[in-house]
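K.L.:
3D model of this:
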Amino acid sequence: MRDPQDPGTGELLKRPRGRPATGHAKSDVERAQSYRKRQRARQVHASHRPSEASTTLLLRELKALCADDPRMHTWAERGQRVHAILRELAKRFPAK
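P.N.:
Residues are numbered from 1 along each chain as shown. Just a heads-up that it's a prediction; the model follows:
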């Protein structure tokens, strides 16, 4: 029989539902900032290491490179990057 006066009775203690709080939760602004920082890092990462970038990022970068984008320094640099992206896409999607 359970004794409601006994503080050691574990079954009578109500635990709150859900995941326990850690006390280190980020605010919405902090969460958004860290998300944007990760996205920027992935985009830079895609241009320097095409083999580790997602296909969507590769195609987005290829589209930007093919457009007349004044941010690109030289045609040679643009051509090298396009070649690297196309080579990676050809590896991922070989012709049948």
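K.L.:
how deep is Arg42 tucked in, by neighbour count?
P.N.:
Residues lying near Arg42 (other Cβ atoms under 10 Å) number 13. From N, CA and C alone the C-beta is placed, and that goes for glycine too.
K.L.:
for the lowest-mean-pLDDT helix or strand in the chain, packing partners?
P.N.:
Every helix and strand of the chain was ranked by mean pLDDT, DSSP states H and E. The lowest is helix 28-48, at a mean of 80. With contacts taken as 3 or more Cβ pairs under 8 Å, 6 or more residues apart in numbering; DSSP states H and E, helix 28-48 sits against helix 55-66.
K.L.:
Now find how far off-centre the helix it packs on is within its chain.
P.N.:
On the basis of Cα atoms, centre = their mean, to the nearest Å, helix 55-66 sits 17 Å off its chain's mean C-alpha point.
K.L.:
do the same with stretch 21-36
P.N.:
Relative to its parent chain, stretch 21-36 has a centroid offset of 15 Å by Cα atoms, centre = their mean.
K.L.:
likewise stretch 52-70?
P.N.:
In terms of Cα atoms, centre = their mean, the centre of stretch 52-70 is found 17 Å from the chain centre.
K.L.:
Tell me the buried residues in that stretch?
P.N.:
Ala53, Leu57, Leu58, Glu61, Leu62, Leu65 (16 or more other Cβ atoms under 10 Å).
K.L.:
what's the closest of those residues to Gly18?
P.N.:
Distances from Gly18 to the buried residues of stretch 52-70, taken as Cβ to Cβ, are shortest for Leu57 (35.1 Å).
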